[in-house]
Structures are given as C-alpha cells and as structure tokens.
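**Student:** could you look at this predicted model? Sequence included:
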Amino acid sequence: AQKVTQAQTEISVVEKEDVTLDCVYETRDTTYYLFWYKQPPSGELVFLIRRNSFDEQNEISGRYSWNFQKSTSSFNFTITASQVVDSAVYFCALDSNYQLIWGAGTKLIIKP
Amino acid sequence: EAGVAQSPRYKIIEKRQSVAFWCNPISGHATLYWYQQILGQGPKLLIQFQNNGVVDDSQLPKDRFSAERLKGVDSTLKIQPAKLEDSAVYLCASSLGGRGQETQYFGPGTRLLVL
C-alpha cells in the first residue's frame, strides 16, 4: 500500500534558524513521483518541487533544499535561514500508480 | 500565465441547503481535480476529470455531491443537501497532461461553513 508519513505535526523555530521537515513514504512501485507543497494561511497549495524515483540528486533552490534517499524511503525538505514568511503548513505527497497520496502535513511556525 | 480560479472564496450556509462551487483551470490543462480539505488534514480527492470525462470519483459521496465539466474547461461542484460535516475547504487543481504523475496546480479554494 502507498503511504506518506510526516511525523512532525508542528515545528516552531526562531527566524534565521535552519529547519528540516521529514517525509517518509511507502510504495511497491519502482516508478513514482514525490512532491512538496506549501500551504500558507491564505489556504492555497503552492507547488514547490516534483522529483521522480530515478533521480536521487539533491536539489537546491535558494534557501530551500531537498534530500531524496531511496534507501530510507525519505524525501526531506530543509529551509536554510528561515524567515517569518516561511510559516505555513507543508505537505509531502507521493504519486504512485496514478494516485496522489498526501501526508498529514507539518505546520511550521517561524518566530521573529 | 493565469492560475486556477475558484469562486466563491467563502460560503456560509445552513444544513440541508444547496451550494455550488466553480473552478476555471489553467488554460490548456486537460485534467481537473476537486479536493476536500478538512481543517488539520491533507487534501482528499473527490473527483478527477480528464477533458470532460470522469477518471476517478471513487471518494465522491454521490448521494449528495455532484460535479460536471461539460465543455472540458471549467467545472462546477455541487452539494445538495449540505451536512455539518461538509464544512471544509474545497480545492480545485489542474494538470497539463493525462492521468498520473503530473504536477497539480491549485486554486485558492472555497471555504465552506455549514451551520
């Protein structure tokens, strides 16, 4: 069965700290895609990244970076030098066998 | 490029009343999705269209929910009659290609409160 686990329900850090959001997935498929979305208080889900199962290279985009490790079935998300505007709920999702499976989300609070 | 548009943004109704939501996807996107998101949870897929055909409606409560995408572009989702547990955010998303493994882009959502 496909499953996505975001064990951290809520994380609170002070601005400028680095923070890592964990995502662990389960699937029996060899071809699958992983996503991260950001949901700010306004409610809209904002696409951040899409990664396929054959590409294990880490990705960096500005202050955001993603670490994909098939050996541990993890796709973790790190924000460097966090800012108040990063406060949001972050969702990890798995597209496997043509279904998008969502984690429960991690609420990130950045305190000034 | 314009994003996914939804209206209304907010709606308050009483139980047993009817309500309809509208979604206009990104231009050229063949696939359209409706999700229900209850506070504190991830989105739950209600229905998926490819062009104007239904691909997946396995989690749509068909006794009270209906959706259509008549011309393969915009779509409406209706609830009739509404129950208290329908209070949620209804999100519309679209993706470029056919089913599976495409990035979904979301609209701002409609927040529904059923009293």
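**Tutor:** Received it, and whenever you're ready, just let me know what you need. Residues are numbered from 1 along each chain as shown, chains lettered A, B, ... in the order given.
**Student:** which bits of chain A sit near chain B?
**Tutor:** Contacts of chain A with chain B, taken as CB under 8 Å from any CB of the partner chain, map to A:32-33, A:35, A:37, A:42-47, A:50, A:52, A:91, A:93, A:95, A:97-100, A:102-105. C-beta here means a position set from N, CA and C on the backbone, and glycine is covered the same way.
**Student:** just the strands in chain B please.
**Tutor:** B:5-7, B:10-13, B:19-24, B:31-37, B:44-50, B:53-56, B:65-68, B:75-79, B:88-95, B:105-106, B:110-114 (DSSP state E).
**Student:** where among those strands is average confidence lowest?
**Tutor:** Among the strands of chain B, strand B:53-56 has the lowest mean pLDDT, at a mean of 90.
**Student:** tell me how far that strand lies from the chain's centre.
**Tutor:** 13 Å (CA atoms, centre = their mean, to the nearest Å).
**Student:** sheet-wise, list the partners of that strand with their directions.
**Tutor:** strand B:44-50 (antiparallel) (DSSP bridges).
**Student:** which parts of the strand it pairs with are buried?
**Tutor:** Going by neighbour count (16 or more other CB atoms under 10 Å in any protein chain shown), the buried part of strand B:44-50 is B:45-50.
**Student:** ok, those residues vs chain A, which is closest?
**Tutor:** residue B:45 (7.0 Å; CB to the nearest CB).
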